[in-house]
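Participant: Provide a 3D model corresponding to the input given below.
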Amino acid sequence: MIFRKGREKTGGRKKGTSNKATESIKNTLNAILTEDELEECWRRFLNHKDSSIAWKAFELYHEYRFGKPVQMVAGEELAPPIKIDISAIPSFRVKA
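Facilitator: Residues are numbered from 1 along each chain as shown. The predicted structure follows:
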């Protein structure tokens, strides 16, 4: 089958479906901790005396809540666009 732009997806997971490992971890944690216990854990870490622990908990919360932010590659400059000169290519076909 030839790929055509705009066609429907034909394989793989459906959009928004998490993988089995992630689903398994979430189910296990939900079985171990009640919502009240989980909330208490988050509060304890977010209000921790050590600011680095509190900040890391804040970062993790946001990554799980909103997704990881886009990572910019530092120090890499954009390469200039590649220009291809096709003026030397004949406009008619030559029989081989």
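
Participant: quick one: contacts of the helix ranked longest in the chain?
Facilitator: Ranked by number of residues, the top helix in the chain under DSSP state H is helix 51-66. By CB atoms under 8 Å, 6 or more residues apart in numbering, the list of residues contacting helix 51-66 from outside reads 42, 45, 46, 47, 48. In short, each C-beta sits where N, CA and C put it, glycine included.

Participant: Provide the secondary structure category for residue 24.
Facilitator: helix (DSSP: H, G, I helix; E, B strand; the rest coil).

Participant: tell me the pLDDT at it?
Facilitator: We note a pLDDT of 85 for residue 24 in this prediction.

Participant: now swap in residue 41 and tell me
Facilitator: Looking at residue 41, its pLDDT is 84.

Participant: element containing it?
Facilitator: helix 35-46 (DSSP states H and E).

Participant: Summarise which helices and strands that helix is packed against.
Facilitator: Judged by 3 or more CB pairs under 8 Å, 6 or more residues apart in numbering; DSSP states H and E, the packing partners of helix 35-46 are helix 51-66.
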